[in-house]
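> Below is the structure, and that's it, no one-letter string:
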């Protein structure tokens, strides 16, 4: 099924989930190059934006190459969320997403994230006021409920639609599950039976076969990928291939390292070399996972602070097994 958000039309899209300390601009750009249809920033603290925190504001920066892209904001105070939405709108995102699903204690403990599911009247006012505050489509990412005894997702979906939300993403677990246990995808069909806005499935999509099953079993309008993208950024490319052909290719080590260097160089351009290299370290596992002695290589790479050191060490590590093409970096705008 096709649907439009703003000026963009989507059909069975694959979305990159907003993830703290993961979905910075370099990762979003690479996932876009690999086939992601819509990407989101790390979640952005509404109070930090309102206070003018430079570190928080940096998370708002979007580049032309990653569009369409959304900025996700979180918080519990309605006026702070309204103010944050207005500040985020200055970056001209294609969506502003409200986080109503984060499960971690330091977020829910302040009444934000999944804690908003405890009071649907308050949630409705928060969403309504944010929607009215900007001329940009608003989406919501949420969970089934606080716990298995308080699953309210059907009512939450109605609240979102009635409040003017244009896109709803459902992580098909409760807050109490965190990332444990199997997500219950059966709720997607139940939600779609009561709302007309597009409904995106999130949770449990780790390989291309999961995405195909999600579309076939639930009738979801799109699939959002989180940890599956951390473990394998090429999941977007492979899933697109699998949906089109019924098969997909494995990614060679050469292609993995080429793409890893592309992301690393983008990170350095944006953040500076030392910070870019340090913050990139979390991505080594996703690019190198599954190859012989990769754990040893990842451990050794943690000691380096420059791109040249990293490249030289990797070349030396594989010099007897792999021929590398010239490393290039695509322009970002």
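Everything's here; your move. Remember, predicted model here, so these are calculated numbers, not experimental data. Numbers count the residues shown, from 1 in each chain.
> how about the strands of the stretch 101-250 of the chain, start to end?
138-143, 167-171, 199-202, 222-225 (DSSP state E, counting those that start in this stretch).
> In CSV: these, plus mean neighbour count, distance to residue 296 and mean pLDDT.
From N, CA and C alone the C-beta is placed, and that goes for glycine too. Formatted as CSV, those follow (neighbours: other Cβ atoms under 10 Å; distance: least, Cβ to Cβ, whole Å; pLDDT from 0 to 100):
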stretch, mean neighbour count, distance to residue 296, mean pLDDT
strand 138-143, 27, 37, 98
strand 167-171, 26, 35, 98
strand 199-202, 25, 34, 98
strand 222-225, 26, 28, 98
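> Turn those into JSON lines, including distance to residue 55.
Listed next are the strands of the stretch 101-250 of the chain as JSON lines, based on distance: least, Cβ to Cβ, whole Å:
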{"stretch": "strand 138-143", "distance to residue 55": "22"}
{"stretch": "strand 167-171", "distance to residue 55": "26"}
{"stretch": "strand 199-202", "distance to residue 55": "27"}
{"stretch": "strand 222-225", "distance to residue 55": "26"}
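> quick one, which of those is nearest to residue 38?
strand 222-225 (7.8 Å; Cβ to Cβ).
> If you count contacts, what does the closest one end up packed against?
Judged by 3 or more Cβ pairs under 8 Å, 6 or more residues apart in numbering; DSSP states H and E, strand 222-225 is in contact with strand 14-16, strand 199-202, helix 208-218, helix 235-245.
> can you rerun that using 7 Å?
Contact analysis of strand 222-225 by 3 or more Cβ pairs under 7 Å, 6 or more residues apart in numbering; DSSP states H and E lists strand 14-16, strand 199-202, helix 208-218 as its packing neighbours.
> before we move on, back to that, so which of the strands of the stretch 101-250 of the chain is nearest residue 1?
strand 222-225 (9.5 Å).
> What strands flank the closest one, and is each parallel or antiparallel?
Note on strand 222-225: by DSSP bridges, its sheet partners are strand 14-16 (parallel), strand 199-202 (parallel).
> Next, the angle helix 235-245 makes with the helix or strand that the first one is followed by.
The C-terminal neighbour of strand 14-16 among helices and strands, as given by DSSP states H and E, is helix 25-33. Between helix 25-33 and helix 235-245, the angle formed by their directions is 10 degrees, by axes from the mean of the first three to the mean of the last three Cα atoms, to 10 degrees.
> Return the list of helices and strands in contact with whatever helix or strand comes next after helix 25-33.
Toward the C-terminal end, the helix or strand that comes next after helix 25-33 (DSSP H and E) is strand 38-45. Helices and strands touching strand 38-45, by 3+ Cβ pairs under 7 Å, 6+ apart, are strand 14-16, helix 25-33, strand 69-74.
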